[in-house]
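Undergrad: Give me a 3D structure for the following:
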Amino acid sequence: MKNTTHLVPLVDLCQQQKVAGNTNEEIIAFLRAQGCSKMESIFVVAHAFTIGLNDAKEIVHLSKAWTDVYERDNQFHQIMEETCRKEEG
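TA: Alright, predicted model coming up:
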């Protein structure tokens, strides 16, 4: 992600939603409804929840809002790991 300036208002909105008591699932569904990609959602969640990118990735990846791409992403990750192992060995 090169330019994240357009995401700053969403970070603010998500922080407000978190303070208001919205669940992580509700916030992530909101981000997807706003047209955020999975990567953008991870960025916003990390900044809005003040957590690291790895934790944000796990929250977004395992969310109900992104279940339709969960299996595809897991397969891609598996292929990448196998490729890296082959190149190392």
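Undergrad: can you give me the strands in this structure?
TA: Listed in chain order, the strands found in the chain under DSSP state E amount to none.
Undergrad: Show me which helix or strand of it is least confident by mean pLDDT.
TA: helix 67-88 (a mean of 86; mean pLDDT, DSSP states H and E).
Undergrad: Contacts only, for residue 46.
TA: Applying CB atoms under 8 Å, 6 or more residues apart in numbering, we find residue 46 in contact with 52-53, 55-56. Yep, even glycine has a C-beta here, placed from its N, CA and C like the rest.
Undergrad: Can you tell me how far it is from residue 7?
TA: To residue 7, residue 46 is 11 Å away according to CB to CB, to the nearest Å.
Undergrad: need the contacts of residue 46 in a markdown table with distance to residue 40, can you?
TA: Shown next, in a markdown table, are the contacts of residue 46 (distance: CB to CB, whole Å):
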| residue | distance to residue 40 |
| --- | --- |
| 52 | 17 |
| 53 | 12 |
| 55 | 16 |
| 56 | 11 |
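Undergrad: ranking those by neighbours, who comes first?
TA: Of the contacts of residue 46, residue 56 is surrounded by the most neighbours, 21 neighbours in total, counting by other CB atoms under 10 Å.
Undergrad: got the contact list for it?
TA: Going by CB under 8 Å, 6+ apart, residue 56 touches 42-43, 45-46, 49.
Undergrad: again, only this time at 7 Å
TA: 42, 45-46, 49 (CB atoms under 7 Å, 6 or more residues apart in numbering).
Undergrad: Now it: closest residue in space, sequence neighbours ignored.
TA: With CB to CB, 6 or more residues apart in numbering as the criterion, residue 56 has its nearest non-adjacent residue at 3.7 Å, and that residue is residue 46.
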